[in-house]
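Trainee: Give me coordinates for this.
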Amino acid sequence: MLPKSSPNPELSMSVQLFERLKNAPYGTFMSYDELSSIVSDPQGEGRSHILRARKWLLKIGKLLLCKTGEGYYIGMPEEHVPWAKSENESAKRKASKALEAVVYVDFSQLTEPQKQLAIEEQLRIGLPYALANRIARQKTLSIKTEIKMPTAEEFLEALRAKKQIE
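Mentor: Presented below is the predicted three-dimensional model:
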């Protein structure tokens with residue numbers, strides 16, 4: 001959803017920034033000083049307004065990127081993929097931490113409903129992670145016509161075993 005003008009002053013700053021940049025050419029740079037004329041405290045509390053404007057700009061093909069300590073600029077089209085890869089790597093690291101937290105839980109201290117929730121979360125977080133790793137490995141190996149997916153229990157046992165080795 002693209003922004004509309006808003007009487008809400010919080011949303012208004014994001015809308016103003018979006019309006020200022022939506023027709024700007026790639027490479028356009030806004031220093032923190034320039035940003036502060038639209039967004040209060042662009043390096044602190046006001047960052048949320050910049051990120052909201054970034055979300056809206058992306059929907060029209062413009063990626064707002066940070067130049068550390070200087071400001072923001074509209075990235076060139078060839079910068080979209082490296083940025084997306086970086087964001088995805090960051091997400092993978094967070095998912096890995098979340099998976100560890102839910103795999104290495106002391107089940108003896110949980111009630112049955114809590115155990116069920118823990119197992120569901122292990123699957124919710126772990127299956128996409130396992131599939132991504134399996135797909136990455138498959139690219140370098142010969143392609144099999146059928147891939148056997150592990151059961152939930154096999155998957156959890158493998159994760160626990162891997163962690164004990166490391």
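Trainee: what's the domain layout of the chain?
Mentor: 9-75, 88-165 (automatic domain parsing).
Trainee: Relative to residue 82, which of those is closest?
Mentor: Taking C-beta to C-beta, domain 9-75 is the member of those nearest to residue 82, at 9.2 Å. C-betas here are computed from N, CA, C, even on glycine.
Trainee: now the domains of the chain in CSV, with mean neighbour count?
Mentor: Below are those laid out as CSV (neighbours: other C-beta atoms under 10 Å):
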stretch, mean neighbour count
domain 9-75, 16
domain 88-165, 12
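Trainee: Now distance to residue 81 and mean pLDDT too, for these, in a markdown table please.
Mentor: As requested, the domains of the chain are exported to a markdown table (distance: least, C-beta to C-beta, whole Å; pLDDT from 0 to 100):
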| stretch | distance to residue 81 | mean pLDDT |
| --- | --- | --- |
| domain 9-75 | 10 | 92 |
| domain 88-165 | 10 | 80 |
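Trainee: max-length helix in this protein?
Mentor: In the chain, taking DSSP state H as the definition, the longest helix is helix 112-140.
Trainee: Strands of this structure, residue ranges please.
Mentor: In the chain, the strands defined using DSSP state E lie at 29-31, 64-67, 71-74.
Trainee: Quick one: residues in contact with the first one.
Mentor: The set of residues that contact strand 29-31 without belonging to it, under C-beta atoms under 8 Å, 6 or more residues apart in numbering, is 20, 21, 67, 70, 71, 72, 73.
Trainee: most distant residue from the middle of this protein?
Mentor: Most distant residue from the mean C-alpha position of the chain: residue 108, 33.2 Å away (C-alpha atoms, centre = their mean).
Trainee: what sits against that one?
Mentor: With C-beta under 8 Å, 6+ apart, residue 108 has no contacts at all.
Trainee: mind checking how far it is from residue 114?
Mentor: Residue 108 sits 11 Å away from residue 114, going by C-beta to C-beta, to the nearest Å.
Trainee: cool, and residue 71?
Mentor: For residue 71, the distance to residue 114 equals 47 Å [C-beta to C-beta].
Trainee: any idea how far residue 131 is from residue 54?
Mentor: Taken as C-beta to C-beta, the span from residue 131 to residue 54 is 29 Å.
Trainee: Same question for residue 111.
Mentor: Counting by C-beta to C-beta, the gap from residue 111 to residue 54 is 43 Å.
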